[in-house]
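>>> coords please:
(chains A, B, C and D)
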Number of protein chains: 4
Amino acid sequence: MNVDEKYFKNITDRERAIFEGAITMGALFHQFVGTPVSIESAPGLEKSIENAMELQPCIESVNIKISKKMLEDSKSKFEYTALSGEMMDIKIISKYDDKKAVIRMKFIEGLNYPLMYVEEADK
Amino acid sequence: MNVDEKYFKNITDRERAIFEGAITMGALFHQFVGTPVSIESAPGLEKSIENAMELQPCIESVNIKISKKMLEDSKSKFEYTALSGEMMDIKIISKYDDKKAVIRMKFIEGLNYPLMYVEEADK
Amino acid sequence: MNVDEKYFKNITDRERAIFEGAITMGALFHQFVGTPVSIESAPGLEKSIENAMELQPCIESVNIKISKKMLEDSKSKFEYTALSGEMMDIKIISKYDDKKAVIRMKFIEGLNYPLMYVEEADK
Amino acid sequence: MNVDEKYFKNITDRERAIFEGAITMGALFHQFVGTPVSIESAPGLEKSIENAMELQPCIESVNIKISKKMLEDSKSKFEYTALSGEMMDIKIISKYDDKKAVIRMKFIEGLNYPLMYVEEADK
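As a prediction, the model looks like this:
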């Protein structure tokens, strides 16, 4: 089956890149929020989240930074905490054919919200 | 802060609808896969998933059907199972300004994969 | 197959009740943290979480209260937030044969941690 | 605050080990089911799950094996799949004071269910 021919003819290559990047961003957030994490375990968890989410269709790269400052501030008496949206700064590069999109999530204080948006997309 | 002005000027209204619908589709899948579900609890769970995901920005409606046949086939000796991607048929309608997009997920046998795609999007 | 005979002969009935309640408490937290929730959607979400988790073995009842005050305090500009551990007060009653256990989770300020503990267990 | 004194006086050391191991088993399952995984990414994901769950109270070690055969059998046209309960064989060693418990999860064909049970617990 030609998936692209059958299911994606109604959107442009740029739209496809945006679409796939957005799916992966929503997926990443809701898969991993709640994961136990400490300052020591954060780098390994970041790598593992990146590797998992890069498996999804049209994903070139995933880059996630978990704020060490927020891990420090929110750690419990047991020296770890649960991963939350406001700790994460995420950049996902998706590509379909020759069109690339950069999807970003970062916490915006003024919104009290981890905003997901399109940072760049090839015309 | 005008969020749209600041973060979304670089994409069209149609692209915004696709973007927000895609985020919510990825989010829904990864939030709820694994949830204990039975034939009896499925209708209530469907409603609750719809209500949760309709809170997200630009989401007009979420409609999810959990396959009763697959629940029957995959139930354990304990009369329930864990919600999986292949059981779900999902339709999300997102809208930005006057542009609407219909995002769909359904399991495609030939791909052995719950495919997410854009079913319709206003020009 | 007699599951109890084969897999659970090495623990007492009281221990079995504690074991099953603890599994369900850990499961509930990590399944639903991150779910979009608002003041309006909270009662329906509570009911749906209860129904899902009551499917698990030996679970008599699940009762969860999501703090309306914390929902109000943490809501974003988009009028909802992600469910977090500190918002939830949970009581799970598990029972094996005639031994009952009450498993509790509540946020303890002094620990900065949603503590899970055994509130009561039949001798 | 002495947590053990305040919240755990009503259970024995052996029961505490069983309790904490059970929480972590339920948590692991529901946090990570749904994660994108391939044959290549599985070893890194296993390690990362182990590191995350070992942060929880009283957890000595977590060992998880994701079945390579099941990954092969269930992979989609996109060369990966979503992590599911039947793919995992998990052993968690929890310890409180000098009492150790070994909590296990494995898929039992006859039950069509990933059963969690106490494999061993110190008297």
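
>>> packing partners for the lengthiest helix in chain A?
Within chain A, and with DSSP state H defining each element, the longest helix by residue count is helix A:13-32. In terms of contacts (3 or more Cβ pairs under 8 Å, 6 or more residues apart in numbering or on different chains; DSSP states H and E), helix A:13-32 is packed against helix A:42-53, strand A:59-66, strand A:88-96, strand A:99-108, strand A:113-121, helix B:13-32, strand B:113-121. C-beta coordinates here come from the backbone N, C-alpha and C atoms, glycine included.

>>> so what does the fifth one touch, helix or strand wise?
In this case it means strand A:113-121. So strand A:113-121, by 3+ Cβ pairs under 8 Å, 6+ apart, packs with helix A:13-32, strand A:99-108, helix B:3-7, helix B:13-32.

>>> Out of those, which gets the lowest mean score?
Mean pLDDT is lowest for helix B:3-7 out of the helices and strands packed on strand A:113-121, coming in at a mean of 94.

>>> Now do that one: which elements does it pack against?
strand A:113-121.

>>> next one: the strand it packs on to chain centre, how far?
On the basis of Cα atoms, centre = their mean, to the nearest Å, strand A:113-121 sits 10 Å off its chain's mean C-alpha point.

>>> what residue ranges in chain A are flagged as low confidence?
In the predicted model of chain A, no residue satisfies pLDDT under 70.

>>> Count the neighbours of the residue in it that chain D sits nearest to for me.
Residue of chain A nearest chain D, by Cβ to the nearest Cβ: residue A:48 (3.4 Å). Neighbours of residue A:48 under the rule other Cβ atoms under 10 Å in any protein chain shown: 24.

>>> Quick check: it touching residue D:46?
No - using Cβ atoms under 8 Å, residue A:48 is not in contact with residue D:46, being 9.5 Å away.

>>> From residue B:91, how far off is the most centrally placed residue in chain A?
In chain A, the C-alpha closest to the average C-alpha coordinate belongs to residue A:25, at a distance of 3.9 Å (Cα atoms, centre = their mean). Note on residue A:25: its distance to residue B:91, by Cβ to Cβ, to the nearest Å, is 20 Å.

>>> ok, now residue A:108?
30 Å.

>>> next SSE after the longest helix of chain A?
strand A:36-37 (DSSP states H and E).

>>> can you tell me how far residue A:57 sits from chain C?
Residue A:57 is 23 Å from chain C, where distance means Cβ to the nearest Cβ, to the nearest Å.

>>> Now do the SS call for that residue.
Judged by DSSP: H, G, I helix; E, B strand; the rest coil, the three-state class of residue A:57 is coil.

>>> where does it fall, phi/psi-wise?
phi -60, psi 140 (degrees, to the nearest 10).

>>> That one and residue A:20 touch, don't they?
Yes - in this structure, residue A:57 is within contact of residue A:20 by Cβ under 8 Å, at 5.6 Å.

>>> Neighbour count: those two, which is higher?
residue A:20 (24 against 19).

>>> how about the closest residue to the more buried one other than its chain neighbours, what does it touch?
Using Cβ to Cβ, 6 or more residues apart in numbering or on different chains and skipping the chain neighbours, the partner closest in space to residue A:20 is residue A:58 (3.8 Å). For residue A:58, the contact set (Cβ atoms under 8 Å, 6 or more residues apart in numbering or on different chains) comprises A:16-17, A:20-21, A:94-96.

>>> Out of those residues, who's the most crowded?
Neighbour max across the contacts of residue A:58 (other Cβ under 10 Å) = residue A:21, 34 neighbours.

>>> Quick one: residues contacting that residue.
A:58-59, A:92-94, A:101-103, A:118.

>>> cool, residue A:120 as well?
A:100-102, B:10 are the contacts of residue A:120 under Cβ under 8 Å, 6+ apart.

>>> do that again at 10 Å, thanks
Residues counted as contacts of residue A:120 (Cβ atoms under 10 Å, 6 or more residues apart in numbering or on different chains) are A:93, A:100-104, B:10.

>>> wait, isn't residue A:108 in contact with residue B:3?
Yes - with contact defined as Cβ atoms under 10 Å, residue A:108 reaches residue B:3; the gap is 8.1 Å.

>>> any residues in contact with both of those two?
A:115, A:117, C:77.

>>> which element is residue A:70 on?
With DSSP H and E as criterion, residue A:70 is part of helix A:68-74.

>>> ok, then the element right after that helix?
Following helix A:68-74 in sequence, per DSSP H and E, is strand A:81-82.

>>> does any part of that next one sit near chain D?
Yes - contact of strand A:81-82 with chain D (Cβ under 10 Å from any Cβ of the partner chain) involves A:81-82.

>>> ok, back up a step: filter the shared contacts of residue A:108 and residue B:3 down to the buried ones.
For the shared contacts of residue A:108 and residue B:3, a burial check counting by 16 or more other Cβ atoms under 10 Å in any protein chain shown picks out A:115, A:117.

>>> from the shared contacts of residue A:108 and residue B:3, which single one is nearest chain B?
Looking across the shared contacts of residue A:108 and residue B:3 and measuring by Cβ to the nearest Cβ, the closest to chain B is residue A:117, at 4.3 Å.

>>> So that closest one is in contact with residue A:92, correct?
No - the criterion here is Cβ under 10 Å, and residue A:117 misses it with residue A:92 at 11.4 Å.

>>> I appreciate the help and will end here.
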